[in-house]
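In: Have a look at this prediction, sequence included:
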There are 2 protein chains.
Amino acid sequence: MALYVQKFGGTSVGSIERIQAVADKVSKFREQGHQIVLVASAMSGETNRLIGLAEQIGEEPDARELDMLVSTGEQVTVSLLAMALKARGIDAISHTGAQAGICTDTAFSRARIQTIDTELMQQELAAGQVVVVAGFQGVDERGNITTLGRGGSDTTAVALAAALKADECQIYTDVDGVYTTDPRVCSKAQRLETITLEEMLELASLGSKVLQIRSVEFAGKYNVPLRVLSSFEDGPGTLIVAEEYELPQHMEEALISGIAFNTNEAKLTVLDTPDVPGVASKILGPIADANIEVDMIIQNASASGERTDFTFTVAKGDYKKAQRILEEQVISELGGEVKGDSDIAKVSLVGVGMRSHSGIASKMFQTLSKEGINIRLVSTSEIKISVVIDEKFVELAVRSLHTAFGLDRADISEEA
Amino acid sequence: MALYVQKFGGTSVGSIERIQAVADKVSKFREQGHQIVLVASAMSGETNRLIGLAEQIGEEPDARELDMLVSTGEQVTVSLLAMALKARGIDAISHTGAQAGICTDTAFSRARIQTIDTELMQQELAAGQVVVVAGFQGVDERGNITTLGRGGSDTTAVALAAALKADECQIYTDVDGVYTTDPRVCSKAQRLETITLEEMLELASLGSKVLQIRSVEFAGKYNVPLRVLSSFEDGPGTLIVAEEYELPQHMEEALISGIAFNTNEAKLTVLDTPDVPGVASKILGPIADANIEVDMIIQNASASGERTDFTFTVAKGDYKKAQRILEEQVISELGGEVKGDSDIAKVSLVGVGMRSHSGIASKMFQTLSKEGINIRLVSTSEIKISVVIDEKFVELAVRSLHTAFGLDRADISEEA
């Protein structure tokens, strides 16, 4: 008998039929004798409908009242789920975040969980009840309803799993696990049996949308075994483990776990700028002041030691604005020249294996060179190498790297 | 400066435009320096939408979960109302029943309020906030969300007014007060300035749908001045007062406050039945066992002292069923004959004035007789006389009694 916290997102509970399907799935686990805590999001579309009502009232809805409003979305789902379970003869009880004892700070719309009082839930689990908890929400010390912000239901699930010392936190989504890369780009992509938390963090921040970064961080902090699986089909999904866990043999051999890519960035370079202390902040200060987020930052060693080139990437939507700021506020003071390119793609190899293996980067560069793909920028972290290339090569780059690093599914030959 | 509890029903908050209109109305009261507690129902149609979802899940939804579900309707309204007030520069804060400290028993879907902890609300009122409370709901001692049943928002408002010792509990509806009779039947009907609680109770139970009986009883028990007014137009409405209140001069003179009528009943008579102890329960026992509610019950003194006639009225929908029960289960044992009529109407005069004035009944009978209306049944209580007549005469009876008892509006002459 195990204790599972199972989280179902908005699409998985998006209609009465899907809620019935979730109840069927949970019934099976319960019949196997497992204890279940269900965490559910609002039915897909409901949160946006409620926000739409608020926006009709006024342009900037009061933050406390907005949380009061949107928290009803999950409350509807959990009561329907509990009804559906009871209709199947499975004892169940639904809770709002407040009823489940999820206490947060008072930062409305982006509250952070501070404590969880599990006493009531533990009594209910011991009594054989499925405990159905509204995700995404909590209550502050004055009794105000708070929400945790986008993706908050994942965080609720992981936090409950940590507080209840669950055997596993299972995140049910519309994909059946974490893949070596996007199957729509590379048909040979394969589902990973396991992935480390660190790798998952790199993949999440690189654009894979399976899990919210915050819930992955949370799982790492509290050592919660996290599994991503499909709401719609049976299967083992992908287990996300802390690195201390003993990795299966084939994981040790794998240098690379996955390949992420992002075509939504643009690069900007300030050429021939003085190579003196403070120049980076002079360039990026006005960018930050304009609330533009910067991703990669690359400054090369200069040959002369006097002047250098400084490059960074921003989201494509901020490209024109960032370019104007550089030209109007930066070049005028520092001198130099601004060059930019929005037709770029970032491709990243992620894997804890690369720590102890040299040669990953050179193999990556070699593979891309063989395909005639020029590398514009390179940036590395301990478990990641990112390159920026021309956008038109992105699919070719992902597929060739996928093959070169041995990630292709065995059942599909390269010639297929 | 006064403290008002103001309740707005589902129609009054049925759209964003109407919520904005309520916020405008409340803003004016606030600007006059009054303290305001707002009680709101779910937007019209929302409760039925939610119940519809539950019914799609299963035929008999779990009662606890149904309360959890439908309570979201009021939560949506109060958060939108608080937003609308804040958008007008009026400080406001919304509360669920639980947050407002409304504690009930655990009778889901028909819970009764047991205590109200007003400490938080009193702090908020003292700080100049409009307190917006979700009607119709509370919380039991284990933290389960409960609902008070149909019309429960009126009860919430009256209970809050009692607990907060409010100067007045104002029920905003789609009519502008309590009328001497239904204006759709009698164009000379006029709005009453005041009415006593007892009269209101008689009128409410006789089919006037302005207020729920339970909230009127509650107002009587806790001496809460209750006022019914229109959400849509300005005006004083009708004040419902305890009888101990000093009545205005014109009230003392009025014998009759209003005329109620009901065309949804049918009458059944057991003719020539033995006039012995226990016969009434032998007739009504099987009716009660079939969950049929009985309204009027009339048994006349018999001339012979041996056999009598026994008559009662039921809702039209129960007529055929009740008739069959009498024939199959009662006559077979008692003997006699069953006669029935479903084309009847009940017309009632209500007024505390009739206590100290004789002659009301004879004037009523005389008026009806003059119009050629035959009286089938008569039943009286301390402040009410009800007669049953043929259904086709109901409008004529109401209009002629309205004129005879001096209830007609002065600005419309009898010939108009």
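Out: Happy to help now that I have it.
In: From the centroid of chain A, which residue is nearest?
Out: Among the residues of chain A, the one closest to the centroid is A:Gln212, at 3.3 Å (Cα atoms, centre = their mean).
In: And the pLDDT for the closest residue to chain B within the stretch 201-350 of chain A?
Out: Chain B sits closest to A:Ser231 of the stretch 201-350 of chain A, with a gap of 17.7 Å, by Cβ to the nearest Cβ. Just so you know, the C-beta spots here come from the backbone N, C-alpha and C atoms, and that holds for glycine as well. At A:Ser231, the model reports a pLDDT of 90.
In: go on, A:Lys392?
Out: 96.
In: residue contacts, A:Lys339?
Out: By Cβ atoms under 8 Å, 6 or more residues apart in numbering or on different chains, A:Lys339 lies in contact with A:268-269, A:271.
In: go again using 10 Å as the cut-off
Out: Contact analysis of A:Lys339 by Cβ atoms under 10 Å, 6 or more residues apart in numbering or on different chains lists A:267-271, A:309, A:311, A:323, A:326.
In: and those residues as a markdown table, adding distance to B:Thr11, neighbour count and pLDDT?
Out: Below are those laid out as a markdown table (distance: Cβ to Cβ, whole Å; neighbours: other Cβ atoms under 10 Å in any protein chain shown; pLDDT from 0 to 100):
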| residue | distance to B:Thr11 | neighbour count | pLDDT |
| --- | --- | --- | --- |
| A:Lys267 | 58 | 22 | 94 |
| A:Leu268 | 57 | 23 | 94 |
| A:Thr269 | 63 | 20 | 92 |
| A:Val270 | 63 | 26 | 91 |
| A:Leu271 | 68 | 14 | 89 |
| A:Asp309 | 68 | 17 | 86 |
| A:Thr311 | 62 | 20 | 91 |
| A:Gln323 | 55 | 17 | 95 |
| A:Leu326 | 58 | 25 | 94 |
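In: Between which two of the residues you listed is the distance greatest?
Out: A:Asp309 and A:Gln323 (15.8 Å; Cβ to Cβ).
In: lowest-pLDDT helix or strand in chain A?
Out: Counting by mean pLDDT, DSSP states H and E, chain A has its least confident helix or strand at helix A:249-253, which shows a mean of 48.
In: helix, strand or coil for A:Ser348?
Out: At A:Ser348, secondary structure determined by DSSP: H, G, I helix; E, B strand; the rest coil is strand.
In: any idea of the pLDDT on it?
Out: Looking at A:Ser348, its pLDDT reads 93.
In: Would you confirm that it contacts A:Ser386?
Out: Yes. Between A:Ser348 and A:Ser386 there is a contact under Cβ atoms under 10 Å: 4.2 Å.
In: any shared contact partners between the two?
Out: Common neighbours of A:Ser348 and A:Ser386 (criterion: Cβ under 10 Å, 6+ apart): A:202, A:206, A:260-262, A:379-380.
In: Top of these by number of neighbours, please.
Out: A:Glu202 (26 neighbours; other Cβ atoms under 10 Å in any protein chain shown).
In: does that one sit in a helix or strand, and which one?
Out: Here A:Glu202 sits within helix A:197-205, counting by DSSP states H and E.
In: partners of the helix or strand hosting A:Phe312 in the sheet?
Out: Take DSSP H and E as the rule and A:Phe312 turns out to sit in strand A:307-315. The pairing partners recorded for strand A:307-315 under DSSP bridges are strand A:265-274 (antiparallel), strand A:294-299 (antiparallel).
In: any idea where the strands of the stretch 101-250 of chain A begin and end?
Out: A:102-104, A:113-116, A:130-134, A:137-139, A:145-147, A:168-173, A:194-196, A:226-230, A:238-241 (DSSP state E, counting those that start in this stretch).
In: Adding mean neighbour count as columns, could you present those strands in TSV?
Out: Converted to TSV, those look like this (neighbours: other Cβ atoms under 10 Å in any protein chain shown):
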stretch	mean neighbour count
strand A:102-104	24
strand A:113-116	17
strand A:130-134	28
strand A:137-139	27
strand A:145-147	29
strand A:168-173	24
strand A:194-196	22
strand A:226-230	22
strand A:238-241	24
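In: quick one: which of these is nearest A:Glu60?
Out: Of all those, it is strand A:145-147 that lies closest to A:Glu60, at 16.5 Å by Cβ to Cβ.
In: can you list the weak-confidence ranges in the stretch 151-300 of chain A?
Out: Along the stretch 151-300 of chain A, the parts satisfying pLDDT under 70 run over A:204-209, A:243-254.
In: try it again with 50
Out: Along the stretch 151-300 of chain A, segments meeting pLDDT under 50 span A:249-252.
In: Quick one: the strands in the stretch 301-416 of chain A, in order.
Out: Along the stretch 301-416 of chain A, counting by DSSP E, counting those that start in this stretch, strands occupy A:307-315, A:337-341, A:344-350, A:375-381, A:384-390.
In: just to revisit the earlier point, skip ahead from the least confident helix or strand of chain A and say which helix or strand is next.
Out: Toward the C-terminal end, the helix or strand that comes next after helix A:249-253 (DSSP H and E) is strand A:258-262.
In: Which secondary structure elements does the strand or helix carrying A:Ile19 sit against?
Out: For A:Ile19, the host element (DSSP H and E) is helix A:16-31. Here helix A:16-31 touches strand A:3-8, strand A:35-40, helix A:63-87, strand A:92-95, strand A:130-134, strand A:168-173, helix B:46-57, going by 3 or more Cβ pairs under 10 Å, 6 or more residues apart in numbering or on different chains; DSSP states H and E.
In: Which one, of these, ends up nearest to B:Val133?
Out: Comparison of the helices and strands packed on helix A:16-31 against B:Val133 by Cβ to Cβ identifies helix A:63-87 as nearest, at 12.1 Å.
In: tally of neighbours for A:Ile259?
Out: 27.
In: That one contacts A:Val178, correct?
Out: No. Using Cβ under 10 Å, A:Ile259 makes no contact with A:Val178, being 11.9 Å away.
In: Could you tell me which residues touch both of those two?
Out: When contacts are counted by Cβ under 10 Å, 6+ apart, A:Ile259 and A:Val178 have A:Leu203 as shared neighbours.
In: picking up where we left off before, give me the distance from the strand holding A:Phe312 to the chain's centre.
Out: Counting by Cα atoms, centre = their mean, to the nearest Å, strand A:307-315 is centred 26 Å from the centre of its parent chain.
In: and that strand, which residues are buried?
Out: Neighbour-count burial for strand A:307-315, with 16 or more other Cβ atoms under 10 Å in any protein chain shown as criterion, is recorded at A:307-314.
In: Same question for stretch A:149-161.
Out: Using 16+ other Cβ under 10 Å as the test for burial, stretch A:149-161 gives A:149, A:151-161.
In: any chance of these in a markdown table, with distance to A:Thr11 too?
Out: A markdown table is the format used below for these (distance: Cβ to Cβ, whole Å):
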| residue | distance to A:Thr11 |
| --- | --- |
| A:Gly149 | 19 |
| A:Gly151 | 13 |
| A:Gly152 | 16 |
| A:Ser153 | 12 |
| A:Asp154 | 14 |
| A:Thr155 | 18 |
| A:Thr156 | 17 |
| A:Ala157 | 16 |
| A:Val158 | 19 |
| A:Ala159 | 22 |
| A:Leu160 | 21 |
| A:Ala161 | 21 |
